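Visitor: Just a sequence and a predicted model for now, questions to come.
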Amino acid sequence: MEVAGESICETSSTAMITLQNSQPNVKYSAQWNGQIISSSEIMGNGGILQIPVTVAGLPHGDHEVTINAQMSTCEVQPLINKALLSVIRKGAIERVENGSACESGTVLLKVLSRDASGFNWYEDVSDVNAIPGQNGAEFRTPELTKSKTYYVAAMNTNGCEGDRVAVQADITNLEEVTIQAEGTVLTSNYNAGNQWYVDGLPIDNATSSQIKGLISGINTVEVTVNGCKTISAAREMFVTGMEESISNGVQLYPNPTTDKITVQVKTFNTVSAQLISSVGVSLNTISLEGDNGIKEGVFDLMQYPIGMYMVRIEDGEKVYIKKISKVK
């Protein structure tokens, strides 16, 4: 008597054993590993008989199932032929790649699985039907104006679908960046992602929410969040230092210069001077020395290109910021 099992996915709860030429008045049941796995005894009909069996809990792989036959009050007799029942592992996803867009747009989502023969993409985790025509490892969403979560499941070669895994399509909407000024301190309304510029040139290491406006010019800040950039905000700063003190003891000469410039301050305090490039990079710092209330120091500009520079002088609690230039 011929019997045959079927191949089923591990997610299935039942399978069918097919019995050819069943005998009337004979009850049939299925047994695996010493346990009855058929839901009930099925009475033969003289022809083809299908016996439902419970497969939940069966490990992956091929399993030989014994068919038992019993007539009336006779003893149970196992059939010689056994049914082969195959439980196939469901598709599995190894990794997903979320996607993003700025303000609005389509988003590319990706999935990786070495064993999958295809994929099903879903709008929602509970959807019955997958998105039509989307069976590849990449899925480009329709136009989105806000973030949305999609779901993807791997299919193996036998068509067994695995668990659905969330994939995020992020839409980043940035509020307008603004600059607040208090004295020579400029503050962005973003705590992170800032890059400050002066006259269109980036300032080294100026990525915090605040920057001191040490250099006259157009100061701008651009913010980047999730790869999305804001439109730059701008603020013009005029840094002139304490002009009333120049006549009382601060001199830089010759200005402009072709090579060296002398910094002189009338003071009895400890004084330092810092040479700063046009984009805010500190180039050199010196201490001013001298007696009788006159402190001096010299910056050598021979190694630096022609252009505009700033000198920041610290005299005790006083700070002077002056613009100098190097010419041919």
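Guide: Arrived safely.

Visitor: Out of the helices and strands in this structure, which is least certain?
Guide: Ranked by mean pLDDT, DSSP states H and E, the helix or strand of the chain with the weakest confidence is helix 243-246, at a mean of 38.

Visitor: Could you spell out the sheet neighbours of the following helix or strand past it, each with its direction?
Guide: Following the chain from helix 243-246 toward its C-terminal end, the next helix or strand by DSSP states H and E is strand 250-253. According to DSSP bridges, strand 250-253 forms sheet pairs with strand 260-266 (antiparallel).

Visitor: ok, and what's touching the strand it pairs with?
Guide: Surrounding strand 260-266, the residues in contact under the criterion CB atoms under 8 Å, 6 or more residues apart in numbering are 248-255, 271, 273, 286, 288, 293-302, 311, 313, 315, 324. Any C-beta I mention is one placed from the backbone N, CA and C, and that applies to glycine too.

Visitor: For that strand, list every residue counted as buried.
Guide: Residues of strand 260-266 classed as buried: 261, 263-265 (neighbour count, 16 or more other CB atoms under 10 Å).

Visitor: Over to stretch 42-61?
Guide: Buried, per 16+ other CB under 10 Å, within stretch 42-61: 42, 44, 49, 51-55, 58.

Visitor: Is it possible to get JSON lines of the residues you listed that adds secondary structure, distance to residue 279 and pLDDT?
Guide: As requested, the buried residues of stretch 42-61 are exported to JSON lines (DSSP: H, G, I helix; E, B strand; the rest coil; distance: CB to CB, whole Å; pLDDT from 0 to 100):
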{"residue": "42", "secondary structure": "strand", "distance to residue 279": "86", "pLDDT": "92"}
{"residue": "44", "secondary structure": "coil", "distance to residue 279": "92", "pLDDT": "92"}
{"residue": "49", "secondary structure": "strand", "distance to residue 279": "87", "pLDDT": "94"}
{"residue": "51", "secondary structure": "strand", "distance to residue 279": "82", "pLDDT": "94"}
{"residue": "52", "secondary structure": "strand", "distance to residue 279": "78", "pLDDT": "94"}
{"residue": "53", "secondary structure": "strand", "distance to residue 279": "77", "pLDDT": "93"}
{"residue": "54", "secondary structure": "strand", "distance to residue 279": "74", "pLDDT": "90"}
{"residue": "55", "secondary structure": "coil", "distance to residue 279": "71", "pLDDT": "87"}
{"residue": "58", "secondary structure": "coil", "distance to residue 279": "70", "pLDDT": "86"}
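
Visitor: ok, which pair from those residues is furthest apart?
Guide: Greatest spatial distance among these (CB to CB): 44 and 58, at 25.3 Å.

Visitor: tell me the contacts of residue 167?
Guide: Residue 167 neighbours (CB under 8 Å, 6+ apart): 96-99, 109, 111, 139, 149-152.

Visitor: Where does the prediction get shaky in the stretch 101-250 of the chain?
Guide: Scanning the stretch 101-250 of the chain for pLDDT under 70 picks out 213-216, 238-248.

Visitor: Report the mean per-residue pLDDT for stretch 6-22.
Guide: Mean pLDDT, computed over stretch 6-22, is 90.

Visitor: Would you mind pulling the contact partners of that stretch?
Guide: Stretch 6-22 is contacted from outside by 1-5, 28, 30, 38-39, 44-56, 60, 65, 67, 83, 85-90, 158-161, using CB under 8 Å, 6+ apart.

Visitor: So residue 249 versus residue 269, what's the distance?
Guide: Applying CB to CB, to the nearest Å, the value for residue 249 to residue 269 is 11 Å.

Visitor: can you check residue 262 too?
Guide: 18 Å.

Visitor: same thing with residue 220?
Guide: Counting by CB to CB, the gap from residue 220 to residue 269 is 36 Å.

Visitor: And those two? Which one has more around it.
Guide: Relative neighbour count places residue 220 above the other of residue 220 and residue 269, with 22 against 13, counting by other CB atoms under 10 Å.
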